[in-house]
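Asker: Show me how the following folds:
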Amino acid sequence: MRSTGKLGDQGLVFLVGLFFAFLLAGNIAVTGENASVAEVWSAPISKYAYSISVSDSGRVVAVVDISKVSHMEVYSSQGEVERNWSSSKRDFEFCLIRKDYVLVTYGDIVSLFGNGGNEQLWADSYQDLWPNAAMSVDSKRIVILSYPPDAKSTIWTLNMEGDVLWNHQVESNVSVAAITPEGFVAAGGEKYGYLCDKGRDAVYLFRPDGSLAWSKETDSPVIDVAVSDDCSYIVAGLDNGGMLFLDRDGHVVWEKEEIGAWVDMSGDGQRIVASSLNGLVVLGVDGNIIWQSDALGYFPGDGGNLNISRNGKTIVGLEAAMIYEGNRVCVFDRAGENVYSDTDSNSSPRVAVSESGQFVAIAFARKLILLRCEW
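Answerer: Numbering: from 1, shown residues only. So this is what the prediction gives:
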């Protein structure tokens, strides 16, 4: 389970390096020929999507732009629009589907929908709410964050009725968090203040009761984080392009300086995916590289566009070129074979993979696509 944050100044330096690497590598052809990956449906959208998520049943939820107002649309596994939600006062920004629950944020509002997104269960307001949120894979707990412009962040854990189980203020601006089925929360953040000179860059782990298990200061802001389902391992992506791999006691098992930034991890913690100057990298729990691919040489400033399914079978990534040559989406199997690729030159796509890895959702400009993966 993971959630992702923003990219800071150090990350911009990192992406500049990725840009030159992309220029040197050129536009690499992808020849995924695995017949087990097939398009289930595609549907037109009015312009582009801000966020997308897909469930194990093949239901897709997307925040899309309609006449300059963002809506949340719910699609069935056959591609039919089941429901369209909008707000008269605020734009939808983020969506996440788990089983029959859909979690969304808009403005300072966090809301939970049931019945596959067709029924709004509750909506509550939180000051300085950060758009990204997280939900445990068993759909029992929710994590939300505040991101005040010049103050410490607050982390809240909610139950599915919207009740606050606990909240904790930390010495960072926290923009990323992930939660295990048992209720452990891993979070990462950066120094706060208008000059980013207060607090600290750090990774945090909270126990299910909200008490702080440990914190680990880092030499760069934490912009991405993921945790294994049993909380044995935590991976943190850093703004300077590196990463840390920690155990549940907060000890650094290994770290990388030139692999990281955007990261994700399988539910058992045995597969870690990360961006690098040399493309997509998949590492084992020992930190050794299992395979890497230069099909994706540059990742955009959003870790939500690099995902691995909970069972580690499906990996999806997005390359967004800094020059007008199109934005490539690639799907890989566990062994590293590039089994699908497509390109869109009109906007930065959004991608998502279901927990089982059976479905991949892609939002291109003016089109949504659902893929079925049979390994």
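Asker: what stretches of this protein score poorly on pLDDT?
Answerer: 1-35, 297-303, 320-326, 345 (pLDDT under 70).
Asker: how about Ser51, secondary structure?
Answerer: Under the three-state scheme (DSSP: H, G, I helix; E, B strand; the rest coil), Ser51 adopts strand.
Asker: Give me the neighbour count for it.
Answerer: Here the count is done by other CB atoms under 10 Å, and Ser51 has 24 residues near it. (C-beta placed from N, C-alpha, C; glycine too.)
Asker: tell me what the helix or strand where Tyr204 lies is packed against?
Answerer: In this structure, Tyr204 sits in strand 202-206 according to DSSP states H and E. Secondary-structure packing of strand 202-206 (3 or more CB pairs under 8 Å, 6 or more residues apart in numbering; DSSP states H and E): strand 154-159, strand 185-190, strand 212-217, strand 222-227, strand 233-238.
Asker: Can you list the strands that that strand pairs with?
Answerer: Strand 202-206 pairs in its sheet with strand 185-190 (antiparallel), strand 212-217 (antiparallel), by DSSP bridges.
Asker: okay, the ones you listed, which one's buried deepest?
Answerer: strand 185-190 (a mean of 29; mean count of other CB atoms under 10 Å).
Asker: Could you list the alpha-carbon positions for that strand in PDB?
Answerer: The C-alpha trace of strand 185-190 is given here as PDB (Å, rounded to 0.1, in the frame of the first residue of the first chain):
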ATOM      1  CA  VAL A 185       0.900   3.700   9.100                       C
ATOM      2  CA  ALA A 186       4.100   4.600   7.300                       C
ATOM      3  CA  ALA A 187       4.500   8.200   6.300                       C
ATOM      4  CA  GLY A 188       7.100  10.500   4.900                       C
ATOM      5  CA  GLY A 189       7.600  14.200   4.600                       C
ATOM      6  CA  GLU A 190       9.900  17.200   4.400                       C
END
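Asker: residues in contact with Val63?
Answerer: Ala49, Tyr50, Ser51, Ile52, Ser70, His71, Met72, Phe92, Glu93, Phe94, Cys95, Val104 (CB atoms under 8 Å, 6 or more residues apart in numbering).
Asker: With Val185 instead?
Answerer: For Val185, counting by CB under 8 Å, 6+ apart, the contacting residues are Val143, Ile155, Thr157, Ala177, Ala178, Ile179, Tyr204, Leu205, Phe206.
Asker: Equivalent analysis for Val351, please.
Answerer: Per CB under 8 Å, 6+ apart, neighbours of Val351: Ile52, Gly304, Asn305, Asn307, Val316, Gly317, Leu318, Val329, Val360, Ala361, Ile362, Ala363.
Asker: In the sheet, which strands lie alongside the helix or strand in which it is found, parallel or antiparallel?
Answerer: Per DSSP H and E: Val351 is located in strand 350-353. Here strand 350-353 is paired, per DSSP bridges, with strand 359-364 (antiparallel).
Asker: Mind listing what's buried along whichever helix or strand comes after the strand it pairs with?
Answerer: Later in the chain than strand 359-364, the nearest helix or strand by DSSP H and E is strand 367-373. Neighbour counts over strand 367-373 (16 or more other CB atoms under 10 Å) mark Lys367, Leu368, Ile369, Leu370, Leu371, Arg372, Cys373 as buried.
Asker: Excluding covalently adjacent residues, which one is nearest to the second one?
Answerer: Yep, that's Leu368 we're talking about. Ala43 (4.9 Å; CB to CB, 6 or more residues apart in numbering).
Asker: ditto for the fifth one
Answerer: For Leu371, ignoring the flanking residues on the chain, the nearest one in space by CB to CB, 6+ apart is Val360 at 4.3 Å.
Asker: Tell me how far that neighbour lies from Asp91.
Answerer: 26 Å (CB to CB, to the nearest Å).
Asker: do the same with Val222
Answerer: Counting by CB to CB, the gap from Val222 to Asp91 is 27 Å.
Asker: Those two - which one has more neighbours?
Answerer: Between Val222 and Asp91, Val222 has the larger neighbour count (other CB under 10 Å), namely 27 against 15.
Asker: does that one have beta-bridge partners, and which?
Answerer: Leu238.
Asker: What's the local residue count around the residue nearest to Leu368?
Answerer: 16.
Asker: now the one 5 residues further on
Answerer: Taking other CB under 10 Å as the neighbour definition, Tyr48 ends up with a count of 19.
Asker: List the contacts of the closest residue to Ala213 other than its chain neighbours.
Answerer: With CB to CB, 6+ apart as the criterion, Ala213 has its nearest non-adjacent residue at 4.4 Å, and that residue is Leu205. Counting by CB under 8 Å, 6+ apart, Leu205 touches Phe184, Val185, Ala186, Ala187, Leu212, Ala213, Trp214, Ser215, Cys231, Ile234, Arg248, Gly250.
Asker: how close does Leu205 get to Ile155?
Answerer: Taken as CB to CB, the span from Leu205 to Ile155 is 11 Å.
Asker: Can you work out which residues contact both of these two?
Answerer: Contacts common to Leu205 and Ile155, judged by CB under 8 Å, 6+ apart, are Val185, Ala187.
Asker: dump the residue contacts of the residue most central in space within the chain.
Answerer: Most central in the chain under CA atoms, centre = their mean is Gly304, positioned 2.8 Å from the mean C-alpha point. Contact analysis of Gly304 by CB under 8 Å, 6+ apart lists Thr4, Ser51, Asn132, Arg350, Val351, Ala352.
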